[in-house]
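> predicted model and sequence below, questions to follow.
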Amino acid sequence: MQKPLQLIVVVGGLFASAACGGTESGVGATGEPADAASVRAEIERVTRRWEASLIAGAPDEAVADVFTPDAVRLPSGEPVVRGHDAIVRALAGSAPLSEARFTIEDLEVDGDLAFANGTYRVRGPDDVELSGKFLEVWKRTETGWRIHRVMWD
């Protein structure tokens with residue numbers, strides 16, 4: 001059974017993206033400078049995975065590829081969602097989207113954390129469109145960059 005209001009919950013998934021503007025800098029945990037271009041490329045790759053899962057109506061299947069195990073989602077006007085299991089439950093039964101686009105405006109890398117803000121636009125069932133702003137904290141893990149904290153309007 002699909003959740004008709006899931007579109008609002010899904011929006012808080014991943015908000016990073018493909019735009020090339022913004023600020024990028026930082027040093028990794030090893031003390032070596034973080035390669036801003038490779039960090040952006042990784043975040044964009046994860047973003048494309050997330051967008052594809054939203055369009056397929058299966059974002060719950062992409063949670064481990066997108067979020068840290070202890071990630072926190074802070075959806076506007078809804079309860080906080082903590083950790084993979086809770087995120088999967090919140091996203092289960094999501095309706096497929098016809099469009100999902102996330103655009104990063106600023107990206108700053110500081111060691112094993114990256115801070116991104118930008119805009120999103122998604123279109124769901126019955127051509128309902130949602131758009132707004134987001135703020136994310138990404139964390140470098142053993143498996144790559146993943147969203148650690150996210151909030152949006």
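Okay, I see it. Numbering: from 1, shown residues only.

> just say helix, strand or coil for residue 38.
The three-state label given to residue 38 by DSSP: H, G, I helix; E, B strand; the rest coil is helix.

> quick check: the gap between it and residue 141.
15 Å (CB to CB, to the nearest Å). Yep, even glycine has a C-beta here, placed from its N, CA and C like the rest.

> low-confidence bits of the chain, can you list those?
Residues of the chain meeting the criterion pLDDT under 70: 1-34.

> now the strands for it?
Using DSSP state E, the strands of the chain run over 67-74, 81-82, 99-110, 113-123, 129-141, 144-152.

> packing partners of the fifth one?
Spelled out, it's strand 129-141. Other helices and strands packing on strand 129-141, by 3 or more CB pairs under 8 Å, 6 or more residues apart in numbering; DSSP states H and E, are helix 6-11, strand 113-123, strand 144-152.

> export the ones you listed as JSON lines, with columns for distance to residue 93.
Converted to JSON lines, these look like this (distance: least, CB to CB, whole Å):
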{"stretch": "helix 6-11", "distance to residue 93": "7"}
{"stretch": "strand 113-123", "distance to residue 93": "16"}
{"stretch": "strand 144-152", "distance to residue 93": "20"}
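
> let me have these in a markdown table, extended by distance to residue 56 and mean neighbour count.
Below are these laid out as a markdown table (distance: least, CB to CB, whole Å; neighbours: other CB atoms under 10 Å):
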| stretch | distance to residue 56 | mean neighbour count |
| --- | --- | --- |
| helix 6-11 | 12 | 21 |
| strand 113-123 | 13 | 20 |
| strand 144-152 | 19 | 21 |
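
> for residue 76, find the nearest of these.
With respect to residue 76, and counting by CB to CB, the nearest of the helices and strands packed on strand 129-141 is strand 144-152 at 6.2 Å.

> CA atoms only for the closest one, dumped as PDB, please.
What follows is strand 144-152 as a C-alpha-only set of coordinates in PDB (Å, rounded to 0.1, in the frame of the first residue of the first chain):
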ATOM      1  CA  GLY A 144      32.100   6.700   1.100                       C
ATOM      2  CA  TRP A 145      30.300  10.000   1.800                       C
ATOM      3  CA  ARG A 146      26.900   9.500   3.400                       C
ATOM      4  CA  ILE A 147      24.300  11.900   4.800                       C
ATOM      5  CA  HIS A 148      24.600  12.200   8.600                       C
ATOM      6  CA  ARG A 149      22.100  15.000   9.300                       C
ATOM      7  CA  VAL A 150      19.500  16.600   7.000                       C
ATOM      8  CA  MET A 151      16.800  19.200   7.500                       C
ATOM      9  CA  TRP A 152      14.600  21.000   4.900                       C
END
